[in-house]
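> Need coordinates for the following:
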Amino acid sequence: MRPRYEMVHIIEKFNASYQKEFSPTGYISKTLNALLNCRTAQMGGHIDVCTNCKHSRISYNSCRNRHCTKCQATNRERWIEHHSAKLLPVKYFHVVFTLPHELNGLCIRYPQLLYKLLFETAWKTLDGFSQNKNHLGADGTDFILSAEIIAITLGTVQASPFVTQFTVLSTIAVVMTVGVYGLVAG
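A predicted model of the protein is given here:
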């Protein structure tokens, strides 16, 4: 079943105003055109004919662009399935860092510079929180190691009642704190 709205509907609606307002690079314009024309007569096509009943149908060629949701659906599912096997059986948390809308034009024109700055700033923010005793009470390395231990522990007791989870995680946290800071102090 096809979704009610596809990427092509968004591109059709906003492409002209987007091109006018942001003057995107040639690569971005070429990508938008590929997505817009994917599986249409613009991409060319061929006729499929059934050898038994002689029924025929026109099949339009795909753009094969790596950003195309139509062309890359199978590859995306294959990638997810392959990488899902590598995940630990624990809950993961997704942290999102965003930029103000006003910087979109700069991101389009200078993507390497802006994304480099975004990743450096995101790391400094996370590292700063991890080293601030008022927030997490650990330095960067201790924080990461502690988070990994807690995540693994939580994964092993996630089916247990809340009281068990709380007791086990509290015990692990106390042992880690005493162990790490006892070794550092001693």
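> so residue 57, which of the three states?
Of the three states, residue 57 takes strand according to DSSP: H, G, I helix; E, B strand; the rest coil.
> ok, now residue 4?
Following three-state DSSP, residue 4 is assigned to coil.
> That one - how many residues pack around it?
6 (other Cβ atoms under 10 Å). Where C-beta positions appear, they are placed from N, C-alpha and C, glycine not excepted.
> Distance of it relative to residue 112?
Counting by Cβ to Cβ, to the nearest Å, the gap from residue 4 to residue 112 is 36 Å.
> Averaged over its residues, which helix or strand of the protein has the lowest pLDDT?
Least confident helix or strand, the chain: helix 140-157 with a mean of 58, by mean pLDDT, DSSP states H and E.
> need the helices for this structure, in chain order.
For the chain, the helices defined by DSSP state H occupy 7-22, 26-37, 73-84, 104-109, 111-131, 140-157, 162-185.
> Which residues does the second one contact?
I take that to be helix 26-37. Contacting residues not belonging to helix 26-37 are listed as 7-8, 11-12, 15, 18-19, 24, 43, 63, 65, 67-68, 108 [Cβ atoms under 8 Å, 6 or more residues apart in numbering].
> Apply 10 Å and report the result again.
Residues outside helix 26-37 that contact it (Cβ atoms under 10 Å, 6 or more residues apart in numbering): 6-8, 10-12, 14-15, 18-19, 22-25, 42-44, 60-71, 108, 111.
> just to revisit the earlier point, and the helices of the chain, which one averages the lowest pLDDT?
Comparing mean pLDDT across these, the weakest is helix 140-157, with a mean of 58.
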